[in-house]
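Visitor: Predicted coordinates and the sequence they were generated for:
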Amino acid sequence: MVFMNIKQMLCILVLISFILTIPAASGSRAFTLSHFFRHDYGTVSSTLGDLTGDGIYDVILSTDTGELRAYTLDGATLWSKEYDAPAKSLSVLRRGLESYVLFYNDKNHVYLLDSKGNTKWRLPFPQTKPLNSVTASDIDGNGEKEIVVGFKDATFSVYTIDGNQWKREHEFLRFYVLRLYTAEYAQAEYQSWANYPLHIRVDLSWIFPDVISSGQRDPNIYLYDPTGKKMWNIQNVYPVEHIYSGDINNNGEMEVITASYKYLQAFGLEGRLWQNILDSYIYSFGVGDVTNDGNLEVAVGTVRGSVYLFNSRGNSLWDEPQNVGKDIRYVAVKDFTGDGEPEIFVAAGNWSSSRQEIDNGSFYIFSKEGELLSETRVNGPIKTISIADVNSNGFNDVIVCSNFVFVFKNNLISISAVNHYREGERLFSAGEFDASIDEFNKAKELYQRLKDSDAVERSERNIQTATEFKALNQEALEIFDNANIELNRGNYQRALELFTEARGLFDRVGNRDMVQTTDVLITETSVQIPPETPSLPISPIMILIPILLVITVALGGVGFILLRKRKRE
């Protein structure tokens, strides 16, 4: 046992040398400007899409001069087209291997272009029916999106991707096509709908009119089933600015969240679920499982710069809202740190009503606890924002468009990897080896995603070291337990030897708590061992005296005998 312990001590000295330097992050800033380019025109609308089929996003920009330009994200021009009015509601659709660009303009035309910018079709509409919006959604559940055109006279029409009119009904101005039912719910509840394809997910339309034909504003919220039957009508005071649909409380049914003026509201199949009134106007919110509990949370920003986080029941998760001190116009919930749990993204600045964009803009990342993880200055105006993995490396980056296109590289993965590595070292030093191994493993996984082989190797060596120390610590605990057994038996000398041996191992692996505990037991055990009775010291002189006496007596006896013998002679 003693030989093995000495051998293990030598192993420790070798292994400890592997924990050297902490792998440095690629940059101390959470986001760095990867590249940017100027396109010399103000941006009216923008969108991302893979037009070239290389698996990397391209950007399509509508300029204030009426041009539609497509670039790669490093600034190479793919194509440019001129129109008589700026494109609005830009989006990229995909059917099979082909991508299409969809938009409308104020000249009352809806366009669908192919990936090279060629017009696939153009739908003109009379000026008596001015356009208000265009969007795309798979309404009939066949796996292919339809194109929905909304008009300012409170009507809308639906077209196939080939430009053929598909449906004309529901006289309302602006709407969102949402999925409120699961297929299972539809089959259980709505089997009576004649000729309705129950094998698909049921689509419903939320209708939010801005202006009706009489000119009166009608911000009320309406719910219609797929047959056009009104299910309910909820009175609403202000127009809806932002909308989301999804199963936020994980109950198998879909809910809808809306933002209008200061009001954040959630609706279900039976009507309003909850309502929160915030400190000022809401333009944007984001939804995601921030707390990783299976339910969805809602992050909201206001024009006063406040950031709120609510759970699926509408309860605030923070004691106080966070504040960025700027007008918030964009909020999203995305995973930026690579740990599988999303963070809260907020873009804010000084709003320019004349240009309809943010001046002196910045974007921020908050954790689920409300901690500000990063603040990044754009150093330019913000018209539109996209969050996407632009280089297919598995990490979300940020693309900001105005008269510039800024591509910000996400460094939070690197920072997160370093933080896990440092936490692993801290826990290792504290003797918490299981937790240390867990942190080193997290760092290793992130470094693998970053393709940093040196950092991966260092993390692996530290995992091995922590595993070795864990084994030695376990051995020390076993020796410690045996020492207690001997102590209870009254074998104090053996107990002292074992406690001393265990303390040496605890000290080597850095288990300070057990070192202190063992020191106390060593002291208590030492007191129990009776002192040995000291023996009197024997002086060499004391030994010689009797010997000399014997020799003297012997010599005297011999001399006496010889003397008498002479006298007789």
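Guide: Good, I have the coordinates. Numbers count the residues shown, from 1 in each chain.
Visitor: mean confidence for stretch 121-134?
Guide: Summarised as a single mean, pLDDT over stretch 121-134 is 86.
Visitor: how about that stretch as CSV, C-alpha atoms only?
Guide: Provided in CSV are the C-alpha atoms of stretch 121-134 (Å, rounded to 0.1, in the frame of the first residue of the first chain):
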residue,chain,number,x,y,z
TRP,A,121,-44.3,36.6,-62.3
ARG,A,122,-45.7,40.1,-61.5
LEU,A,123,-49.3,40.6,-60.2
PRO,A,124,-50.6,44.1,-60.9
PHE,A,125,-53.5,45.4,-58.8
PRO,A,126,-55.7,48.4,-59.5
GLN,A,127,-55.0,51.6,-57.6
THR,A,128,-58.5,51.4,-56.1
LYS,A,129,-57.2,48.4,-54.2
PRO,A,130,-53.9,49.6,-52.7
LEU,A,131,-51.6,46.9,-51.3
ASN,A,132,-50.8,46.8,-47.6
SER,A,133,-48.9,43.6,-47.1
VAL,A,134,-47.6,40.3,-48.6
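Visitor: Now do the buried residues in that stretch.
Guide: Going by neighbour count (16 or more other CB atoms under 10 Å), the buried part of stretch 121-134 is 123, 125, 131-134. (Each C-beta comes from the backbone N, C-alpha and C, glycine too.)
Visitor: can you count the residues close to residue 259?
Guide: Applying other CB atoms under 10 Å, we find 25 residues neighbouring residue 259.
Visitor: do the one 4 residues further on as well
Guide: Using other CB under 10 Å, residue 263 has 17 other residues around it.
Visitor: what's the answer for the one 4 residues further on, then?
Guide: A total of 22 residues lie near residue 267 under the criterion other CB under 10 Å.
Visitor: and what of residue 521?
Guide: 19.
Visitor: doesn't residue 381 make contact with residue 402?
Guide: Yes - using CB atoms under 8 Å, residue 402 is in contact with residue 381, at 4.1 Å.
Visitor: any common contacting residues for the two?
Guide: Residues touching both residue 402 and residue 381 (CB atoms under 8 Å, 6 or more residues apart in numbering): residue 357.
Visitor: A strand includes residue 53, no?
Guide: No - looking at residue 53 with DSSP: H, G, I helix; E, B strand; the rest coil, it is coil, so not inside a strand.
Visitor: how close does it get to residue 115?
Guide: 8 Å (CB to CB, to the nearest Å).
Visitor: any shared contact partners between the two?
Guide: Overlap of the contact sets of residue 53 and residue 115 (by CB under 8 Å, 6+ apart) consists of residue 99.
Visitor: Centre of the chain to stretch 76-95, how far?
Guide: Computed by CA atoms, centre = their mean, to the nearest Å, the separation of stretch 76-95 from the middle of its chain amounts to 33 Å.
Visitor: Use 335 as the first number for this chain going forward.
Guide: Shifting the count to begin at 335 puts that one at stretch 410-429.
Visitor: picking up where we left off before, residue 652: which of the buried residues of stretch 455-468 is nearest?
Guide: Taking CB to CB as the measure, residue 652 lies nearest residue 467 of the buried residues of stretch 455-468, at 34.3 Å.
Visitor: With the flanking residues excluded, which residue is spatially nearest to that closest one?
Guide: Sequence neighbours aside, residue 484 is the residue nearest to residue 467 in space, at 4.1 Å (criterion: CB to CB, 6 or more residues apart in numbering).
Visitor: Okay, buried residues for the helix or strand encompassing that neighbour please.
Guide: In the assignment (DSSP states H and E), residue 484 maps to strand 480-485. For strand 480-485, a neighbour-count test (16+ other CB under 10 Å) marks 480-485 as buried.
Visitor: related to what we said a few turns ago, I'd guessed the residue nearest to residue 467 sits against residue 465; true?
Guide: Yes - using CB under 8 Å, residue 484 is in contact with residue 465, at 7.2 Å.
Visitor: Look at residue 387 and residue 449 and report which has more neighbours.
Guide: A direct count of neighbours by other CB under 10 Å for residue 387 and residue 449 places residue 449 higher, at 21 against 10.
Visitor: roughly how far apart are that one and residue 479?
Guide: To residue 479, residue 449 is 16 Å away according to CB to CB.
Visitor: Residue 696 too?
Guide: Counting by CB to CB - residue 696 and residue 479 are separated by 35 Å.
Visitor: So the two - more neighbours on which side?
Guide: Higher neighbour count among residue 696 and residue 479: residue 479, with 21 against 18, using other CB under 10 Å.
Visitor: quick one: contacts for the residue lying closest to that one once chain neighbours are set aside?
Guide: With sequence-adjacent residues excluded and distances taken as CB to CB, 6+ apart, residue 479 is closest to residue 470, at 4.3 Å. For residue 470, the contact set (CB under 8 Å, 6+ apart) comprises 425, 427, 436, 479-482.
Visitor: And those residues, which two are furthest apart?
Guide: Greatest spatial distance in the contacts of residue 470: 425 and 480, 12.9 Å, computed using CB to CB.
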